[in-house]
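Engineer: okay, structure incoming, though there's no sequence with it:
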């Protein structure tokens, strides 16, 4: 694994990325003889993502579905525990899936949550928050907060250790995780860490990476703009729960790990958020993976960088849970790795 200064120029797409994009094009192509629709419906997209990229599931000591009382009704939660309950309480991570606030669910990140629980030695709570357009902002944030608050208030219910709670998420889930971390700060709930994987942090959609990687790299700018519009509704685009990058003050937020992909429209805003956290005195490590695209973190069977990023995330969480003093002394670390 090679590390370079973040100021370096653009790198070519990794061969694994090229293969993934071929697979993605085949997966999204209409059936032979069918007319190509101008734009798939939300229902069609949900059906497709539900069937995409089946992977082997790691066996764990306990996996069970439960629910947490939320403002809009029960919030589905899948709990993963890598060790039997008699082994005692474990740190806990509340994980928020991606999908543009419109697609996805607990099943789509089931494999990643199993891997995270096993490698980090923690309980993982995989949240099935409400989706737009049926449930626009701030429904997803409210559901995520309900689960975080429940895990903090009654850790014994989940076999979790008191005071050892983190939030994590990818893409739109990273957006929700960042928002929840700020809510936790404001509401006096200390978090051990926030793990943000190629997060949405702004509503502007005007960065160089949005322009450079807007089409042909898996996550298209037009699609995410459509999803953001469905999710935001009439909300103020400057609301920090929608655009954490626009929060007036990030001081006091939980220590953070931010992971980005070079060939991803969300790269620049994720890295800008990491820099703002660091400027506010928040311990943060930022790592960009070169030559790869959005979703690589969830696909270690396709991307070597996905496995490397998971290992990095696990090390950061273990440090946050196991050595608070050292984590608190960390300074902003920014590295760049080739995929």
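Structural biologist: Yes, it's here. As the structure is a prediction and not an experimental result, all values here were calculated from the model.
Engineer: in the protein, which ranges drop under the pLDDT threshold?
Structural biologist: In the predicted model of the chain, residues 1-12, 29-38, 51-54, 323-339 satisfy pLDDT under 70.
Engineer: swap the cut-off to 50 and go again
Structural biologist: Applying pLDDT under 50 to the chain flags residues 1-10, 323-332.
Engineer: I'd say residue 214 and residue 224 touch.
Structural biologist: No - the pair residue 214 / residue 224 is not scored as a contact, 9.3 Å apart, by C-beta atoms under 8 Å. Quick note: C-beta positions are derived from backbone N, CA and C, even for glycine.
Engineer: the two: who's more crowded?
Structural biologist: Using other C-beta atoms under 10 Å as the criterion, residue 214 and residue 224 rank with residue 224 on top: 22 against 17.
Engineer: where does the more buried one sit relative to residue 241, distance-wise?
Structural biologist: According to C-beta to C-beta, to the nearest Å, residue 224 stands 18 Å off from residue 241.
Engineer: same thing with residue 216?
Structural biologist: Look at residue 216 and residue 241: by C-beta to C-beta, they are 31 Å apart.
Engineer: just give the number of residues close to residue 251.
Structural biologist: Neighbour number of residue 251 under other C-beta under 10 Å is 11.
Engineer: go through this structure and flag its longest helix.
Structural biologist: In the chain, ranked by residue count with DSSP state H as the criterion, the top helix is helix 304-322.
Engineer: mind listing what residue 312 touches?
Structural biologist: Counting by C-beta atoms under 8 Å, 6 or more residues apart in numbering, residue 312 makes contact with 257, 259, 287.
Engineer: adding neighbour count and secondary structure, write those residues out as JSON lines.
Structural biologist: Listed next are the contacts of residue 312 as JSON lines, based on neighbours: other C-beta atoms under 10 Å; DSSP: H, G, I helix; E, B strand; the rest coil:
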{"residue": "257", "neighbour count": "26", "secondary structure": "strand"}
{"residue": "259", "neighbour count": "26", "secondary structure": "strand"}
{"residue": "287", "neighbour count": "22", "secondary structure": "strand"}
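Engineer: could I get the residues you listed as JSON lines with distance to residue 279?
Structural biologist: Converted to JSON lines, the contacts of residue 312 look like this (distance: C-beta to C-beta, whole Å):
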{"residue": "257", "distance to residue 279": "17"}
{"residue": "259", "distance to residue 279": "19"}
{"residue": "287", "distance to residue 279": "18"}
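Engineer: ok, of those residues, which one's closest to residue 200?
Structural biologist: residue 259 (13.5 Å; C-beta to C-beta).
Engineer: surely the closest one meets residue 309?
Structural biologist: Yes - counting by C-beta under 8 Å, residue 259 touches residue 309, with 5.3 Å between them.
Engineer: which neighbours do the two have in common?
Structural biologist: With C-beta under 8 Å, 6+ apart as the test, residue 259 and residue 309 both reach 197, 287, 289, 297.
Engineer: tell me which of the residues you listed fall in strands.
Structural biologist: Cross-referencing the shared contacts of residue 259 and residue 309 against strands under DSSP state E gives 197, 287, 289.
Engineer: which phi and psi values does the nearest residue to residue 62 once chain neighbours are set aside adopt?
Structural biologist: Leaving out its chain neighbours, the residue that sits closest to residue 62 by C-beta to C-beta, 6 or more residues apart in numbering is residue 81, at 4.1 Å. Phi and psi for residue 81, reported as degrees, to the nearest 10, are phi -130, psi 120.
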